[in-house]
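[1] A predicted structure for the sequence below; I have some questions about it.
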Amino acid sequence: MKEVIFNDEQLQKKLKEWQKRLRLQDWLIKARICRSHELPDVMAVPTLPKKMALIKILDHNDYDPTCVFPQDMEDSLVHELLHLHFAPLGLDDDKYIELEQAIESIASGLISALRENGGKENVR
Ligand SMILES: [Zn+2]
């Protein structure tokens, strides 16, 4: 695994790509690279009735350099986007761990499949 770090412009491009892939195009989503002091506990803040969300991605300068997993902003972005699909189910509180595990498995699976395919997807 190697680091995947985006600047703001790259992040916006990835947001558009993944919104399409995950069929979240009817959401108004803003993604921002934030310093650690700007990040609350929840990194995807959805406003469900309006289908609006703010996604905060940790700035590379604040990523823990001792972490065994290198920072992957694409994984973080996809993870937070997937939360938007699950938000209406209201599982956030009582099934928090199970939800996080499922979302992270799906996010890393999707990204691995895409990267193994050289970034190209088979559109059906
Ligand atoms: Zn999560």
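    Cool, got the structure. Numbers count the residues shown, from 1 in each chain.

[2] quick one: residues contacting the closest residue to residue 83 other than its chain neighbours.
    Nearest residue to residue 83 in three dimensions, chain neighbours excluded: residue 44, at 4.4 Å (Cβ to Cβ, 6 or more residues apart in numbering). Backbone N, C-alpha and C define where each C-beta goes, glycine included. Contacts here follow Cβ atoms under 8 Å, 6 or more residues apart in numbering; on that basis residue 44 touches 53, 54, 55, 56, 80, 81, 83, 84, 87.

[3] out of the residues you listed, who's nearest residue 116?
    The shortest approach to residue 116 among those belongs to residue 81, at 20.3 Å (Cβ to Cβ).

[4] from residue 94, how far off is that closest one?
    22 Å (Cβ to Cβ, to the nearest Å).

[5] who's more crowded, these two?
    residue 81 (24 against 8; other Cβ atoms under 10 Å).

[6] which elements pack onto the helix or strand where that one lies?
    In the assignment (DSSP states H and E), residue 81 maps to helix 73-86. Contact here means 3 or more Cβ pairs under 8 Å, 6 or more residues apart in numbering; DSSP states H and E; on that basis helix 73-86 packs against helix 8-21, strand 28-34, strand 44-47, strand 52-58, helix 96-116.

[7] what's the most buried one of the ones you listed?
    strand 52-58 (a mean of 19; mean count of other Cβ atoms under 10 Å).

[8] that one pairs with which strands?
    When pairing is defined by DSSP bridges, strand 52-58 lines up against strand 28-34 (parallel), strand 44-47 (antiparallel).

[9] where in the protein is the helix or strand with the lowest mean pLDDT?
    In the chain, no helix or strand scores lower on mean pLDDT, DSSP states H and E than strand 44-47, which sits at a mean of 74.
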